[in-house]
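**Q** Have a look; sequence and predicted model below, questions after that.
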Amino acid sequence: MTTSVESYVRTPVVETLKKENIGKTVRLCGWVRTRRDSKGGFSFIEVNDGSTFKSVQVLAENKLSNYDSEILKLGIGSSVEVIGTIVESPGKEQTTEIKAESLKVFGYADPATYPLQKKGTSMEFLRTIAHLRPRTNTFGAVARVRNEICRSIHDFFQSRGFVYVHTPIITGSDCEGAGQMFKVTTLDFDKLPRKEDGSVNFEEDFFGKATNLTVSGQLQGEMYATALTNVYTFGPTFRAENSNTSRHLSEFWMIEPEMSFCDLEGNMQCAEDFLKTIFNNVLTNCSVDMQFFNERIDKTAIETLKHICDSAFVRVSYTEAVDILLKCGEKFEFPVSWGIDLQSEHERYLTEKKFKKPVIVYDYPKDIKAFYMRLNDDGKTVRAMDVLVPKVGEIIGGSQREERLDVLEERMKACHLSPEEYWWYLDLRRYGTVPHAGFGLGLERTVQFVTGMGNIRDVIPFPRAPKTADF
């Protein structure tokens, strides 16, 4: 007798694979990964619902009323509902399987046209079918690891009393001063209003001024940090940088904590604790997915994360780092000299060959860093820091912020920024200024580092890059 569908809440595949659930009757819904038919009058159907890397095997016997008419037509990608009992599996590959009492087909996938078959498929091709690629082993695993990293990020800050602040996506200021921003406008490009000098009159635009998509929520985060002490932002940011590389995106997610009454030392310690917490949680809670990445994508993925979690991060000044690089005897593509922005090859030498562990480089030359970073007494360097890890180099960038009004105004002018346009930012220094610090972590670069995926476009659901805005 077939049990009523309404009698059961849907049970995820991850629960059906647990030995302690043997004997339970469940309602399983998911997509077919494989179907094998036996001459004995039954079929083995692998079903996955994304809750775990593994699929569960369903035993469907020919006594089911729709066995010949529907079940034998199931192809990869078809969606089904199974009601049955979890039983012990006689197979070596799995502990449990489901003996079906009924199997309902929600939707067939035509095997002649369905793009995802059992044969190997390139990452490049999968980017052209981003609507289907989450159904593959690789992208299902990426999504679960990304989810765990996001959960861990929120847990880390929430458990330490940080307040989650939503900063604007549309902004009238450029945090980095680089100018590589996407403009936001409602003006008619065919009939642009002009000033007498020929420039676009943005006073007639929606916001009455030129606006852009944000490159960072830091400046707004500082506003709330100077009222709530410890805050963090976590949202999308945008860079109109024409870079077609495996490490660049035009839209990506940033995590930016901001801490009042905190100096560079506290900032460095927070960043170290933050990374170790994330990596530990991924290793613990995504062990099956990480084993897949370790076997199929990067054979050192797990070892690298464990090593970082077990290491005390080395802290070295920029000046010391440059001295090490100049004396190391290595031949770099980019020559080393004091005042340059360290390249990935320099950062990787420090982490992989010199110290063989994560390194935090601090006190960078002021001329290569942003206006808001606190000027050191030497007048040449600022209280900036970069956290470097093996394989990629920089993974976190941050600084102690400049809390002195007069110094900040001079830095703005030196960077060709108008203090008048940042009057609200300067007010934070006029009224109850405090030492404060923060950093930024790019979510996608973190997911890429953790999983070992070769291209950053494969660790975000829908990549945005030059000439790429599909789906």
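**A** Great, that's in hand. Numbering: from 1, shown residues only.
**Q** Isn't residue 282 up against residue 144?
**A** No: proximity of residue 282 to residue 144 does not meet the contact threshold set by Cβ atoms under 8 Å, at 9.7 Å. (Each C-beta comes from the backbone N, C-alpha and C, glycine too.)
**Q** With neighbour numbers in mind, choose between the two.
**A** Legend: neighbour count by other Cβ atoms under 10 Å for residue 282 and residue 144, higher for residue 282 (26 against 20).
**Q** Check which helices and strands whichever strand or helix holds the more buried one sits against.
**A** In this structure, residue 282 sits in helix 264-285 according to DSSP states H and E. The helices and strands touching helix 264-285, judged by 3 or more Cβ pairs under 8 Å, 6 or more residues apart in numbering; DSSP states H and E, are helix 137-158, strand 251-260, helix 301-310, strand 359-365, strand 381-389, strand 393-400, strand 436-442, helix 443-451.
**Q** Which other helices and strands does the helix or strand just after the first one contact?
**A** Using DSSP H and E, the next helix or strand after helix 137-158 towards the C-terminus is strand 163-164. Strand 163-164 is packed against helix 137-158, strand 230-238, with contacts defined by 3+ Cβ pairs under 8 Å, 6+ apart.
**Q** what angle sits between the longest one and strand 436-442?
**A** Orientation note: helix 137-158 sits at an angle of 170 degrees relative to strand 436-442 (axes from the mean of the first three to the mean of the last three Cα atoms, to 10 degrees).
**Q** between the helices and strands packed on helix 264-285, which gets nearest to residue 165?
**A** With respect to residue 165, and counting by Cβ to Cβ, the nearest of the helices and strands packed on helix 264-285 is strand 251-260 at 8.5 Å.
**Q** Could you list the residues in contact with the closest one?
**A** Residues from elsewhere that reach strand 251-260 (Cβ atoms under 8 Å, 6 or more residues apart in numbering): 153, 157, 162, 216-218, 221-222, 224-226, 229-239, 266-267, 270, 274, 434-445, 460, 464.
**Q** Could you pick out the buried ones from the residues you listed?
**A** 153, 157, 162, 216-218, 221-222, 224-226, 229-235, 237-239, 267, 270, 274, 435-445, 460, 464 (16 or more other Cβ atoms under 10 Å).
**Q** hang on, the earlier thing: got the helices and strands packed on helix 264-285 as TSV, with mean pLDDT and distance to residue 206 columns?
**A** Supplementary listing: the helices and strands packed on helix 264-285 in TSV, determined by pLDDT from 0 to 100; distance: least, Cβ to Cβ, whole Å:
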stretch	mean pLDDT	distance to residue 206
helix 137-158	98	32
strand 251-260	97	21
helix 301-310	98	46
strand 359-365	98	38
strand 381-389	98	36
strand 393-400	97	33
strand 436-442	98	29
helix 443-451	97	29
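**Q** Which among the ones you listed is found nearest to residue 346?
**A** Nearest to residue 346 among the helices and strands packed on helix 264-285 is strand 393-400; the distance by Cβ to Cβ comes to 7.8 Å.
**Q** buried set for the helix or strand just after that closest one?
**A** Following strand 393-400 in sequence order, the next helix or strand is helix 405-414 (DSSP H and E). Along helix 405-414, the positions that meet the burial threshold by neighbour count (16+ other Cβ under 10 Å) are 408-409, 411-412.
**Q** May I see these organised as TSV, with distance to residue 305 added?
**A** Shown next, in TSV, are the buried residues of helix 405-414 (distance: Cβ to Cβ, whole Å):
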residue	distance to residue 305
408	39
409	44
411	38
412	40
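**Q** Next up, the contacts around residue 105.
**A** For residue 105, the contacting residues are 66, 70-71, 74, 78-80, by Cβ under 8 Å, 6+ apart.
**Q** If you could redo that for residue 336, that was the one I meant.
**A** 322, 325-326, 346.
**Q** and with 6 Å instead?
**A** Going by Cβ atoms under 6 Å, 6 or more residues apart in numbering, residue 336 touches 325-326.
**Q** For it, give me the pLDDT.
**A** The confidence metric pLDDT takes the value 97 at residue 336.
**Q** Residue 174 now?
**A** Reading off the model, residue 174 has pLDDT 68.
**Q** got it, and residue 244?
**A** In this model, residue 244 is scored at 82, pLDDT.
**Q** Quick check: phi and psi on it?
**A** The phi/psi pair for residue 244 (degrees, to the nearest 10) reads phi -100, psi 70.
**Q** got the end-to-end distance for stretch 377-385?
**A** The distance separating the two terminal residues of stretch 377-385, taken as Cα to Cα, to the nearest Å, comes to 16 Å.
**Q** what comes up buried for it?
**A** For stretch 377-385, the buried set under the neighbour-count rule, 16+ other Cβ under 10 Å, comprises 381-385.
**Q** Out of these, which comes closest to residue 101?
**A** Ranking the buried residues of stretch 377-385 by separation from residue 101, with Cβ to Cβ as the measure, puts residue 385 on top at 60.3 Å.
**Q** quick one: contacts for that closest one?
**A** Shown in contact with residue 385 (Cβ under 6 Å, 6+ apart): 268, 360, 362, 398.
**Q** Any chance of JSON lines for these, columns neighbour count and distance to residue 303?
**A** Rendered in JSON lines, the data for the contacts of residue 385 read as follows (neighbours: other Cβ atoms under 10 Å; distance: Cβ to Cβ, whole Å):
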{"residue": "268", "neighbour count": "21", "distance to residue 303": "25"}
{"residue": "360", "neighbour count": "21", "distance to residue 303": "21"}
{"residue": "362", "neighbour count": "25", "distance to residue 303": "27"}
{"residue": "398", "neighbour count": "27", "distance to residue 303": "27"}
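**Q** Would you mind giving these as TSV with distance to residue 450 added?
**A** TSV is the format used below for those (distance: Cβ to Cβ, whole Å):
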residue	distance to residue 450
268	21
360	19
362	24
398	20
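**Q** Show me the strands in the stretch 1-150 of the chain, by range?
**A** 25-38, 42-48, 56-61, 79-88, 96-107 (DSSP state E, counting those that start in this stretch).
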